[in-house]
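Chemist: Show me how the following folds:
(chains A, B, C and D)
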2 protein chains.
Amino acid sequence: MQEMPENTLATLVQRRLRADLLRGVLPPGAKLKVQALAASYGTGPSPVREALASLTSEGLVERLDQRGFRAAPASVADFDELVRARCWLEEVVLRESLAAGDQGWEEALVLAQWRLGRLKRADAGWEEAHAAFHQALLAGCPSPTLCGMAEALREKAERFRALARRVAYPGRDVAAEHAAIAEAALARDVARAVPLLQAHYRSTASFVRAALAEA
Amino acid sequence: MQEMPENTLATLVQRRLRADLLRGVLPPGAKLKVQALAASYGTGPSPVREALASLTSEGLVERLDQRGFRAAPASVADFDELVRARCWLEEVVLRESLAAGDQGWEEALVLAQWRLGRLKRADAGWEEAHAAFHQALLAGCPSPTLCGMAEALREKAERFRALARRVAYPGRDVAAEHAAIAEAALARDVARAVPLLQAHYRSTASFVRAALAEA
DNA sequence: GCGGCGAGTTTTATCGACAAAATCCGCTTC
DNA sequence: GAAGCGGATTTTGTCGATAAAACTCGCCGC
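Modeler: Alright, predicted model coming up:
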């Protein structure tokens, strides 16, 4: 075979495929032909097929029995539903994160916010820092299950943001929103932090929705 | 090949595998050897492998890169975490179900409760009726995403209940609990329905936990 | 007696081949 | 000109084979 340094080819392909889906390289509804993907990733069909089956369970790929796989559709209605679900889910996850977060959680959050604050939205690494900030915010929640669900929704939201290319947020201070959220979270003020976080998501959503609709 | 009536073999195997995992036929931690499963389901290795990859994303199967697949572990701690996550998640799903459920939702809930009430726990079909009741309770929630998450957790909870074989609930009137939950839900009384539902889960959990620990 | 080494066996992960669908495309017909 | 039919082509889903790991287990030295 080949050298396989502790990682199986199928998981590797799955990672790359997911990245390509989240970054919009594979647009919604696109037919995902196994042979083409296999050629593009330099493997046989089997690992691709396995990866597609996994991503189907994750909701990023759709399977039409006997007609192959397609990138999951991404309508504006889907996006609205996603944002609503995210607000409702993270309401409880954030609440429990504030209730249970220890000192390590606080410090990780401060660090994530500081790292994010040093970058402008156009900078390389901003996406990663932004994801890390929101992850750190919820990381105090003692339920890996709920944290995992929140992460899955965040990934899907990032997909929509990537699909709405070059979306701008005129007249908005995103950094200040993040700072306010972090401040309320560190003060363990659920009644303030939760609405701030939801408003943050809904504000982003309105811009993304507009960019999606015109595209 | 063979006749394949609109359903692909891989999805069929996935369904059967999931059922076997949920019913405890494949116990937690069991090695899932591809060839053995393929023989048992009368197929080649490819569909089995696809099904296992899917179930890995669902969290019912664990993949150890280069060492194959295993049925997901199911410790008492895992169960406790699951119950906690379920209570938190369904708190918001039930709230939104009560907020948005229409007349069709009400009628489906009444019907599901009546069907469940006609059966004793030992009767055939009770499991299905019970699952249908809890599904109907939450079905008013306008977010398919959240409903799907709740369903995934319910399936995992049923797995634990199946693993704790012959669990009994002495001194408990489960039917009355269901009736009280349905009554509060139909009255759109969130403040009453949510704690009742959570108490219902936690009560079941304490019996299941005891049965798991002694086994 | 016990830990480690090594040949033999089992299992995994991947590939290439092949039959059954589905899809495409041009031709006929109304 | 549009609808419908039928054959060629693509694509899917599945199988069996195969190389490389992992695992087993007995043997040997200490």
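
Chemist: So which residue is smack in the middle of chain A?
Modeler: residue A:155 (1.7 Å; Cα atoms, centre = their mean).

Chemist: And for residue A:84, the neighbour number?
Modeler: Residue A:84 has 18 neighbours, counted by other Cβ atoms under 10 Å in any protein chain shown. Any C-beta I mention is one placed from the backbone N, CA and C, and that applies to glycine too.

Chemist: is it true that the residue nearest to the centre of chain A touches residue A:23?
Modeler: No. Look at residue A:155 against residue A:23 with Cβ atoms under 8 Å: they stay out of range, at 11.1 Å.

Chemist: Show me where chain A has its strands.
Modeler: Using DSSP state E, the strands of chain A run over residues A:31-32, A:61-63, A:69-71.

Chemist: Identify all contacting residues around the first one.
Modeler: Spelled out, that is strand A:31-32. A:26, A:52, A:61, A:68, A:69, A:70, A:71 (Cβ atoms under 8 Å, 6 or more residues apart in numbering or on different chains).

Chemist: do that strand and DNA strand C meet?
Modeler: No. Judged by Cβ under 7 Å from any atom of the strand, strand A:31-32 stays clear of DNA strand C, getting no closer than 8.6 Å.

Chemist: strands paired with that strand, and their directions?
Modeler: Strand A:31-32 pairs in its sheet with strand A:69-71 (antiparallel), by DSSP bridges.

Chemist: Repeat that for the second one.
Modeler: Here the strand partners of strand A:61-63, with direction, are listed using DSSP bridges: strand A:69-71 (antiparallel).

Chemist: Let me see the mean pLDDT of the partner strand.
Modeler: Strand A:69-71 shows a mean pLDDT of 98 in the predicted model.

Chemist: Also stretch A:164-174?
Modeler: 88.

Chemist: Only C-alpha atoms, please: export that stretch in PDB.
Modeler: Output in PDB follows, covering the C-alpha atoms of stretch A:164-174 (Å, rounded to 0.1, in the frame of the first residue of the first chain):
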ATOM      1  CA  ALA A 164     -22.300  34.700   0.600                       C
ATOM      2  CA  ARG A 165     -19.000  35.800  -0.800                       C
ATOM      3  CA  ARG A 166     -17.500  39.100   0.200                       C
ATOM      4  CA  VAL A 167     -20.300  39.900   2.600                       C
ATOM      5  CA  ALA A 168     -19.700  43.300   4.300                       C
ATOM      6  CA  TYR A 169     -21.200  44.600   7.600                       C
ATOM      7  CA  PRO A 170     -21.500  48.400   7.100                       C
ATOM      8  CA  GLY A 171     -22.100  50.400  10.200                       C
ATOM      9  CA  ARG A 172     -21.400  47.600  12.600                       C
ATOM     10  CA  ASP A 173     -18.700  47.200  15.200                       C
ATOM     11  CA  VAL A 174     -18.300  43.400  15.300                       C
END
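
Chemist: got the buried residues for it?
Modeler: A:164, A:167 (16 or more other Cβ atoms under 10 Å in any protein chain shown).

Chemist: And for stretch A:92-105?
Modeler: Result for stretch A:92-105 [16+ other Cβ under 10 Å]: buried residues A:92, A:93, A:94, A:95, A:96, A:97, A:98, A:101, A:105.

Chemist: Give me the contacts around it.
Modeler: A:109, A:136-143, A:146-147, A:150, A:185, A:188-190, A:193-194, A:197, B:88-89, B:91-92.
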